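[1] Here is a sequence together with a model predicted from it:
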Amino acid sequence: MSMMKIGDIGVQGDVILAPMDGISDHPFRSLAKEFGSAISYAEFINAREVLSNIKLIQKKVVFDRSERPVAFQVYDDDPLNILEAALRLMQYKPDILDVNLGCSVKAVANRGAGAGLLKQPDDIRRTFELLTTNLDVPITAKIRLGWDEDTLNYLEIARIIEGSGGKAIAMHGRTRMQTYSHPARWEAIKEVKQAIKIPVIGNGDIRSVADIDRMIGETGCDAVMIGRAAVGNPWILRRQEKSVVSRAEVIKVTLEHLQKSVDFYGELNGVRKFRKFLKRYLEGLDIEPYRMQDLLSEEDTDNLVRILHSLLNK
Ligand SMILES: Cc1cc2nc3c(=O)[nH]c(=O)nc-3n(C[C@H](O)[C@H](O)[C@H](O)COP(=O)(O)O)c2cc1C
């Protein structure tokens, strides 16, 4: 098993579930951990919510001890807000504090936070200097290539982060403007890996087990981070293709994930929030459209469990 160090935190394994707002919540992360996700990255946290009313982010800071190492990710456009929010988040005892420099959503990026901060390298330097001198946990960042094709400053940003005490960088090989459309540029991950000494986590467009090894082989990155392809497919985190997983196993894991969701959010919310996963779990199981409709509109946990069981003997 490969071992990477982020500051003094030992990380076992080289496949990590990516932070995804509304998806990498505590239920999914704890499942992902069972499948070998090497770091439990929580969904991004708005520094302003932490500062105005920390109760707003209560659900996002929950984790089990078994999930460690746990990374909390913060975003804002103001270094001092990020520092203050990070200090307050320390009460929940994450192992790693990550700064989001990659979010492309307009409401975030256009106010200069997330990928918007890539346009302000001095603010990134200041943020990292403040965080690394005032916090006791390793500080990391998740970045993109730059704002757009004319401002590809990822190497400059990576060096600034390392130079001001950052302990790892997750690199998503797209610009802000490319959101999720263009293919991710893996060469840039290699360039970052060669430019700095701290661990580099490669991210973008991994869809298969072969892709994991190809990204590591082509870029030399220390670990990979998988987002969309892990939704409804935690098997990829342990390098197993879903196509070889039995129907019974898929349904067993679907039920396990559903249970975690209901335990965490309560009956109704737990079932509703689970739908985006349910759809993806059942892909490839050859379920008739009318049945799928039933499954995706069911609001009662017991009924849903019953229907899922009935699919076992199909
Ligand atoms: C629905 C959704 C929510 C996301 N939320 C976050 C987030 O909170 N923080 C973050 O750093 N990246 C976020 N991302 C970006 C992913 O972490 C990842 O960089 C991106 O999906 C590319 O990886 P992939 O091709 O494996 O999906 C999000 C992506 C998606 C699709």
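    Okay, I see it. Numbers count the residues shown, from 1 in each chain.

[2] which residues in the stretch 151-300 of the chain form helices?
    154-163, 186-195, 209-219, 247-265, 267-282, 289-297 (DSSP state H, counting those that start in this stretch).

[3] could you dump these to CSV with mean neighbour count and mean pLDDT?
    In this view, the C-beta of every residue, glycine as well, is placed from N, C-alpha and C. Below are the helices of the stretch 151-300 of the chain laid out as CSV (neighbours: other CB atoms under 10 Å; pLDDT from 0 to 100):
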stretch, mean neighbour count, mean pLDDT
helix 154-163, 20, 98
helix 186-195, 20, 98
helix 209-219, 16, 98
helix 247-265, 18, 97
helix 267-282, 17, 97
helix 289-297, 12, 92
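
[4] how about CSV for those, with distance to the ligand added?
    Compiled in CSV, these are given as follows (distance: least, CB to the nearest ligand atom, whole Å):
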stretch, distance to the ligand
helix 154-163, 14
helix 186-195, 11
helix 209-219, 9
helix 247-265, 16
helix 267-282, 9
helix 289-297, 18
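
[5] Arrange these in CSV, one row each, with distance to T132 as further columns.
    Below are the helices of the stretch 151-300 of the chain laid out as CSV (distance: least, CB to CB, whole Å):
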stretch, distance to T132
helix 154-163, 10
helix 186-195, 19
helix 209-219, 26
helix 247-265, 33
helix 267-282, 35
helix 289-297, 46
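
[6] and of these, who's closest to I16?
    Nearest to I16 among those is helix 209-219; the distance by CB to CB comes to 10.7 Å.

[7] which strands and helices sit next to the closest one?
    Using 3 or more CB pairs under 8 Å, 6 or more residues apart in numbering; DSSP states H and E, the elements in contact with helix 209-219 are helix 186-195, strand 200-203, strand 223-226.

[8] Can you name the residue of the protein nearest to the ligand?
    Distances from the chain to the ligand, computed as CB to the nearest ligand atom, single out G227 as the nearest residue at 2.7 Å.

[9] ok, for that residue, nearest residue in space, not its chain neighbours?
    Leaving aside its sequence neighbours, G227 sits nearest to A18 (CB to CB, 6 or more residues apart in numbering; 3.6 Å).

[10] That neighbour and I9: what is the separation?
    Distance check for A18 against I9: by CB to CB, to the nearest Å, it reads 18 Å.

[11] returning to that earlier point: now do the phi/psi pair for the residue of the chain closest to the ligand.
    Recorded main-chain torsions at G227 are phi -100, psi -100, according to degrees, to the nearest 10.

[12] what's near enough to touch it?
    For G227, the contacting residues are L17, A18, M20, N203, taking CB atoms under 8 Å, 6 or more residues apart in numbering as the criterion.

[13] which of these are buried?
    Among the contacts of G227, those classed as buried by neighbour count (16 or more other CB atoms under 10 Å) are L17, A18, M20, N203.

[14] now, which of these lie close to the ligand?
    With CB under 6 Å from any ligand atom as the criterion, those include A18, M20, N203 near the ligand.

[15] isn't the second one right next to A42, touching?
    Translated: M20. No: counting by CB atoms under 8 Å, M20 does not reach A42; the two are 10.1 Å apart.

[16] got the end-to-end distance for stretch 232-243?
    End-to-end span of stretch 232-243 (CA to CA, to the nearest Å): 12 Å.

[17] show me what contacts L296?
    Residues counted as contacts of L296 (CB under 8 Å, 6+ apart) are R275, L278, K279.

[18] Quick check: the gap between the second one and L296.
    In this structure, L278 and L296 are 7 Å apart, going by CB to CB.

[19] How is this structure divided into domains?
    Domain assignment for the chain by automatic domain parsing gives 3-241, 246-312.

[20] Highest mean neighbour count out of those?
    A comparison of the domains of the chain by mean neighbour count, using mean count of other CB atoms under 10 Å, puts domain 3-241 on top with a mean of 20.

[21] and it, how far apart are its ends?
    Domain 3-241 has an end-to-end distance of 23 Å (CA to CA).

[22] what's near enough to touch T127?
    P79, I82, L83, V99, L117.

[23] Confirm for me that the residue nearest to G227 is in contact with Y41.
    Yes: the pair A18 / Y41 is scored as a contact, 6.7 Å apart, by CB under 8 Å.

[24] between those two, what contacts are shared?
    Common contact partners of A18 and Y41 (CB under 8 Å, 6+ apart): S24, M225.

[25] Spatially, what comes nearest to the residue minimising distance to the centre of the chain if we skip its sequence neighbours?
    The residue lying closest to the centre of the chain (CA atoms, centre = their mean) is P19, at 1.6 Å. Spatially, and ignoring its direct neighbours in sequence, P19 is nearest to Y41 (4.0 Å; CB to CB, 6+ apart).
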